[in-house]
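Asks: Coordinates for the following, if possible.
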Amino acid sequence: MSSSTISQSHNKTEQLADAFRLFNELSQDLTISYQNLERQVAKLNDELAAARSERLKTLLENEKIAARLRQILAALPAGILIVDPSGKVADYNPTALEYLGEPLLQRSWSEVADRSLKAVSENPHERQLPSGKRVGLSYNALTEGAGQLVLLSDVSEMRALQDMVDRQNNLSAMGEMIASLAHQVRTPLSTAILYASQMSRPGIGESKRQQFSSKILERLHYLERQVNDMLIFAKEGRLSMATFALHDLLGNVEEAMADRLAACNSVEFNLKNEVGSEMLIGNEPALRGAIMNLLNNAFEACAGKGVVALAVVRSSRQKIIFTVRDTGPGIEKALFQRVFEPFYTTKSSGTGLGLAVVDSVVRAHHGKVSCDSMPGMGTVFELELPIAWDTKPALPGGFSGRQAKFEELYDEAI
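Replies: Numbering: from 1, shown residues only. Model prediction:
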């Protein structure tokens, strides 16, 4: 064998050895990579298992919380409904079903409300169920536009307790009112009886008879004013309403005040109407009487000299203000807070109901009356009235029952 042949064979052997060595190295690298991959896969499997376990744990906890919440909702004494964004009932608790009856699920909430919830005029946030129960109605928006939560809470017991308290307050207030009325009536009635007994004396002259007759008539007129004021005060919230023009009201006030203006020619009277011929809804005679009451007080406060002004302005698109202003001595701070109290008066000939009647009439028209005064600076009364309204006003605390009772007793008496 030649040396070249031996050399070529040796080279091939070395190449084959190098190939096997490279193969072994690649095999070792592949083995190591595979082992690393196995470890990574095992690690990922462990992490995935842990994540799955944690997720399952969270799901179980959420399910427990959801179950607990459902138990709480089921046990709540209030009706709860979920209304979806389309306005349909998506879920509800047993109390809601008890209150509203079937069907509920996937029904339009407006249809359910129309079917089972009757409006209560004295409280816009309460409804009456077919069973007669009273429930409070409230809405709460859910997050992210998920709809609304409707809450129906039973207020029947609370309403019954409130009615009981109101009845007790009415009885107490009725007693106070009757005592005050008796006090106001007794003095002029006793005076009239005294004058009447004097008229029956023998030998009384005609001039004396006429004098006593005039005194009796004066006392009877006082009693008539007292009863009229009392009836107006008692009718708060139950006045008959109609449409009338503002300029007609002001014209009637001027006409009714003609005698007062003639008798007090040293008192300047100004009337300013910035509203024009606006149409109002209300009881024109009652409003006229309230304004005249304030004007008469203003004239008396001026004591024969000064200025009395009546102004009508628009405070907003739906409200107007009547302002009565005088340049009299004003009202002392100690008396200021009591001017609207029934039967409170600082005048010897006053009934104590004038400003209470004004307040009563204004409340009946869904308005408010306010007073501002400083000693030596005159007095200002403001009557703010809505041009239009469509809901019944809330009566001042405790007055509604005693007013109705007084009117009932008065009607029976006459």
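Asks: any low-confidence regions in the stretch 101-250 of the chain?
Replies: Within the stretch 101-250 of the chain, the segments meeting pLDDT under 70 span 121-122, 170, 173-174, 176-177, 180-181, 183-184, 225, 228-230, 232-238.
Asks: Which stretches in the stretch 251-400 of the chain count as strands?
Replies: In the stretch 251-400 of the chain, strands defined by DSSP state E, counting those that start in this stretch lie at 267-273, 279-282, 306-316, 319-326, 368-373, 379-386, listed in chain order.
Asks: Turn those strands into a markdown table, including mean pLDDT, distance to Gln71 and mean neighbour count.
Replies: Bear in mind the C-beta positions are built from the backbone N, C-alpha and C, glycine included. As requested, these are exported to a markdown table (pLDDT from 0 to 100; distance: least, Cβ to Cβ, whole Å; neighbours: other Cβ atoms under 10 Å):
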| stretch | mean pLDDT | distance to Gln71 | mean neighbour count |
| --- | --- | --- | --- |
| strand 267-273 | 88 | 67 | 15 |
| strand 279-282 | 86 | 53 | 18 |
| strand 306-316 | 88 | 51 | 17 |
| strand 319-326 | 92 | 52 | 20 |
| strand 368-373 | 88 | 49 | 16 |
| strand 379-386 | 91 | 49 | 20 |
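Asks: among those, which is nearest Val155?
Replies: For Val155, the closest of these is strand 368-373, at 27.7 Å, according to Cβ to Cβ.
Asks: partners of the closest one in the sheet?
Replies: Counting by DSSP bridges, the strands paired with strand 368-373 are strand 379-386 (antiparallel).
Asks: Glu382 is in contact with Arg325, isn't it?
Replies: No: with contact defined as Cβ atoms under 8 Å, Glu382 and Arg325 do not form a contacting pair (9.3 Å).
Asks: tally of neighbours for Cys37?
Replies: You called it Cys, but residue 37 is Leu. Neighbours of Leu37 under the rule other Cβ atoms under 10 Å: 10.
Asks: tell me what the helix or strand that contains it is packed against?
Replies: Leu37 belongs to helix 3-75 when assigned by DSSP states H and E. Helices and strands in packing contact with helix 3-75 are not found; criterion 3 or more Cβ pairs under 8 Å, 6 or more residues apart in numbering; DSSP states H and E.
Asks: for it, what is the average pLDDT?
Replies: For helix 3-75, the per-residue pLDDT values average out at 81.
Asks: Specify the angle between the following helix or strand past that helix and helix 3-75 in degrees.
Replies: Scanning the chain past helix 3-75 towards its C-terminal end, the next helix or strand to appear is strand 79-83 (assignment: DSSP H and E). Orientation of strand 79-83 against helix 3-75 (axes from the mean of the first three to the mean of the last three Cα atoms, to 10 degrees) gives an angle of 140 degrees.
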